[in-house]
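> Pasting the sequence and the predicted model now:
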Amino acid sequence: MGVPSRISVLLCIVLAALVALASAKVHVSEVAIRVASASGPKLTQTLKYPKQLDDIVAVEVDEQLSISALTKDDNGKGLDSRATFVTFVHAGSQLPTTLVLESPSGAAGLRKIDLTLGSKAIQETFKGQPGVYAVAISVGRFDQAGVVYPIGNVNLSFPADPEFFVKHSYGEHYGPLPEIHHVFRPDEKQPLPLISQVFALLSIAPWVLLLGAWSFLGANVRELFASVGHSVFGVAFIGTFVSWFTLFYFYWVRLNLFQFLGYGSVLAVATLIIGRQALVLRHNRRIAGNK
């Protein structure tokens, strides 16, 4: 037999083992309940599925409750399941408390948990509610339906803690929340109208200074409209300046940078061509006047 044939046979054996493992059904074989105090064991009772406790098991505050579950497959072999839980449901509030059963070393299929009622952490786990609890073992697997094994009732005796005690039922605990009243930030104080008007005038001041400088230097705007050709290009040249201010305004209120650069590049070319032509016509008129 060649090497490829041997590898194929080995893979078939491994696949068959995995299929057999996945198809094995899990069963809760037995459950052991133990109650012990500092002086020694108080109660030990073993249940075979589906037998339940005949009486309520009482556990005092200075005692320890131990619950272990043994899971097996169809062939009676210990089958380990990580999803093994014990659920305590309070008889009064119906509030469930679910804990994970841990696996002690060296025991296939065995899961166990120890609860010391005198521990503050355990009392907080049970929300500070002493009393009678219905106990059930739950075992789940990904490849089949889970198993739930109700084992009976236990009476946990420890001081009730009002800080954790839940007076209402589990459903009422998720009732409507209090209404939220939004508090908005008060309006900011506005400056005096006079201050706003002063700054508005300051923003217009550069235009006043520009017009004053043109008047002082003797700017001759009439030459832009000396003829029909001058008028067309003169009006178009001034219109490009107005278009630039309009573009700046829309960039401030609406356009983004890429849109502004796109429109601005087109307007820059138009300003360059129209401005050059207006200056050429003005230059030609000056030369013709000097002859």
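Now that the structure is in, tell me what you want to look at. Numbers count the residues shown, from 1 in each chain.

> C-alpha from now on. contacts and neighbour counts both.
Noted.

> residue boundaries of the helices in the stretch 51-200 of the chain?
120-125, 193-217 (DSSP state H, counting those that start in this stretch).

> Need the contact partners of the longest one.
Applying CA atoms under 8 Å, 6 or more residues apart in numbering, the set of residues contacting helix 193-217 from outside is empty.

> now the stretch 151-291 of the chain, which segments are flagged as low pLDDT?
Counting by pLDDT under 70, the ranges of the stretch 151-291 of the chain that qualify are 162-175, 219-229, 289-291.

> Mind doing that once more with 80?
161-177, 214, 218-231, 234, 282-283, 285-291 (pLDDT under 80).

> so where's the longest helix in this protein?
helix 257-290 (DSSP state H).

> quick revisit: now tabulate the helices of the stretch 51-200 of the chain in CSV and tack on distance to Lys51 and mean neighbour count.
Conversion of those to CSV gives the following (distance: least, CA to CA, whole Å; neighbours: other CA atoms under 10 Å):
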stretch, distance to Lys51, mean neighbour count
helix 120-125, 27, 14
helix 193-217, 88, 11
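
> starting at the chain centroid, how far to the longest helix of the chain?
Helix 257-290 sits 57 Å away from the centroid of its parent chain (CA atoms, centre = their mean, to the nearest Å).

> Let's have the helices of the stretch 51-200 of the chain in TSV, adding distance to Lys42.
As requested, the helices of the stretch 51-200 of the chain are exported to TSV (distance: least, CA to CA, whole Å):
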stretch	distance to Lys42
helix 120-125	20
helix 193-217	88
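
> so which of the ones you listed gets nearest Ile151?
helix 120-125 (20.5 Å; CA to CA).

> Give me the contacts around that closest one.
Under CA under 8 Å, 6+ apart, the answer for helix 120-125 is 97, 115-117, 129, 158, 164.

> For the residues you listed, which single residue is the most surrounded?
Gln129 (25 neighbours; other CA atoms under 10 Å).

> That one contacts Asp161, correct?
Yes: using CA atoms under 8 Å, Gln129 makes contact with Asp161 at a distance of 7.2 Å.

> before we move on, the earlier item: among the helices of the stretch 51-200 of the chain, which is nearest Phe245?
Of all the helices of the stretch 51-200 of the chain, it is helix 193-217 that lies closest to Phe245, at 12.9 Å by CA to CA.

> now the angle from the helix or strand following that closest one to helix 257-290?
Sequence order places helix 228-253 as the next helix or strand after helix 193-217, per DSSP states H and E. Per axes from the mean of the first three to the mean of the last three CA atoms, to 10 degrees, the angle that helix 228-253 makes with helix 257-290 is 160 degrees.

> which helices and strands sit right next to helix 228-253?
If you count contacts as 3 or more CA pairs under 8 Å, 6 or more residues apart in numbering; DSSP states H and E, helix 228-253 packs onto helix 257-290.

> tell me what the helix it packs on is packed against?
helix 228-253.

> in the helix it packs on, what counts as buried?
Taking 16 or more other CA atoms under 10 Å as the neighbour-count basis, helix 228-253 is seen to contain the buried residues 230-231, 233-234, 236-237, 240, 244, 247.

> and what of stretch 180-191?
For stretch 180-191, it's none, nothing buried (16+ other CA under 10 Å).

> Pull the distance from it to the chain's centre.
For stretch 180-191, the distance to the chain centre is 29 Å (CA atoms, centre = their mean).

> Run through the neighbouring helices and strands of the longest strand along the chain.
Criterion DSSP state E: the longest strand present in the chain is strand 144-156. Counting contacts by 3+ CA pairs under 8 Å, 6+ apart, strand 144-156 packs against strand 27-37, strand 57-59, strand 131-141.

> Pull up the pairing partners for it, direction included.
Strand pairing for strand 144-156, determined by DSSP bridges: strand 57-59 (parallel), strand 131-141 (antiparallel).

> contact partners of the first one?
I take that to be strand 57-59. Identification of contacts with strand 57-59 by CA under 8 Å, 6+ apart yields 35, 65, 117, 153-157.

> if you set the cut-off to 7 Å instead, what comes out?
Contacting residues not belonging to strand 57-59 are listed as 35, 65, 153-157 [CA atoms under 7 Å, 6 or more residues apart in numbering].

> again with the longest one
Applying CA under 7 Å, 6+ apart, the contact partners of strand 131-141 are 83-91, 146-157.
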